Structures are given as C-alpha cells and as structure tokens.
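> Could you work out the structure for the sequence below:
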Amino acid sequence: SPTQSGIRMTGDQRGAAICVFEGGGRADLVVGPNGAPTRLFHNRAGTPGLRVRLEGTTGNPHGLGAILRLHFGDRMGPAREIHGGSGYWSHDSVVQILALPAPATRLSVRWPGGKTTDVVLPSSARDIVVDAAGKLRVLR
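Alright, predicted model coming up:
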C-alpha cells in the first residue's frame with residue numbers, strides 16, 4: 001500500500017527500473033509515467049545490499065549467463081542470473097545488488113559453461129568484483 005511503501009502513483013505508467021542512484025547499496029525505484037516527468041523514489045530505509053560485478057572472459061567480459069548465489073552459513077539465498085537484452089531499448093545492469101537479510105559468508109558463481117567458483121566474503125564487504133578464476137577484489 002502507499003502507506004507501507006511510501007509510493008503513490010496514479011495514471012498510466014510506461015516503465016519502471018530498479019537502480020542504485022547514489023551508490024548507497026539500497027535499491028531505488030525510477031518510474032516513467034505516460035506524459036509526465038520521470039519520478040525517482042529514494043530508498044532511505046532499506047538495508048544496503050552487496051554490490052557484485054563479474055569480470056568474465058575475453059569473449060564475455062561481464063559474465064552474461066552466470067548465476068550468483070549468496071550463502072548465509074549453511075543456508076543459500078536465491079539465485080540471480082546476469083543477462084542482457086531484457087527489455088525494449090533497455091536491459092538490466094550487469095552489476096547486481098544482492099539482498100543481505102543476514103551476514104553473507106560466501107558467494108557462489110556458476111559461470112557460463114558450468115564452472116563454479118566460491119569466494120569467502122569478508123563481513124565488511126559491500127562492493128566486490130569476482131573474476132572468472134574466482135579471485136575476489138573488495139572495492140568497499
């Protein structure tokens with residue numbers, strides 16, 4: 001409801017996208033109403049997620065087709081696929097923001113072709129890069 005979400009829009013909407021507008025790790029919402037200015041809804045209350053970038057191979061530098069999965073101890077989070085070409089004149093970002101309902105202990109990446117790499121996550125990591133060899137680089 002508008003009371004719970006803080007979002008109230010009436011009329012015909014043309015498109016919506018999730019983004020991280022100011023780099024805070026919280027998913028913000030952008031909506032393009034029909035015949036009206038685009039609106040940005042800042043997520044000020046959500047828990048920041050883990051920002052993940054992949055460095056794939058020469059022929060696939062962004063790791064399109066890879067599947068990411070966080071581990072929370074012995075429990076696994078949902079799978080997220082890196083894909084391109086998902087909309088009319090648009091596509092989802094290859095940079096993923098993964099929800100952190102609990103502290104994540106590691107990240108599994110199943111690369112195109114079937115190879116899987118696991119990286120142990122430092123508890124303070126909020127922005128990481130994982131390459132095709134399974135090397136982790138913490139940016140923040």
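> Just the helices from this structure, written as ranges.
In order along the chain, the chain carries the following helices (DSSP state H): 2-5.
> what bits of it have low per-residue confidence?
87-90 (pLDDT under 70).
> repeat that with 50
Within the chain, not a single segment meets pLDDT under 50.
> where along it do the strands fall?
13-19, 28-33, 39-41, 50-55, 67-72, 75-81, 96-98, 106-110, 116-120, 127-131, 136-138 (DSSP state E).
> In JSON lines: those, plus distance to S5 and mean neighbour count.
Placement of C-beta: from N, CA and C, glycine included. Formatted as JSON lines, the entries for those read as follows, by distance: least, Cβ to Cβ, whole Å; neighbours: other Cβ atoms under 10 Å:
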{"stretch": "strand 13-19", "distance to S5": "13", "mean neighbour count": "13"}
{"stretch": "strand 28-33", "distance to S5": "9", "mean neighbour count": "16"}
{"stretch": "strand 39-41", "distance to S5": "9", "mean neighbour count": "13"}
{"stretch": "strand 50-55", "distance to S5": "23", "mean neighbour count": "20"}
{"stretch": "strand 67-72", "distance to S5": "25", "mean neighbour count": "18"}
{"stretch": "strand 75-81", "distance to S5": "21", "mean neighbour count": "13"}
{"stretch": "strand 96-98", "distance to S5": "18", "mean neighbour count": "18"}
{"stretch": "strand 106-110", "distance to S5": "29", "mean neighbour count": "19"}
{"stretch": "strand 116-120", "distance to S5": "34", "mean neighbour count": "14"}
{"stretch": "strand 127-131", "distance to S5": "26", "mean neighbour count": "19"}
{"stretch": "strand 136-138", "distance to S5": "32", "mean neighbour count": "14"}
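> Distance to S1 added to these, as TSV?
Shown next, in TSV, are these (distance: least, Cβ to Cβ, whole Å):
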stretch	distance to S1
strand 13-19	17
strand 28-33	15
strand 39-41	15
strand 50-55	29
strand 67-72	29
strand 75-81	25
strand 96-98	24
strand 106-110	34
strand 116-120	39
strand 127-131	33
strand 136-138	38
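> Leaving out the residues flanking it, which one is nearest to M76?
When the adjacent residues along the chain are set aside, M76 lies closest to R69, with 5.8 Å between them (Cβ to Cβ, 6 or more residues apart in numbering).
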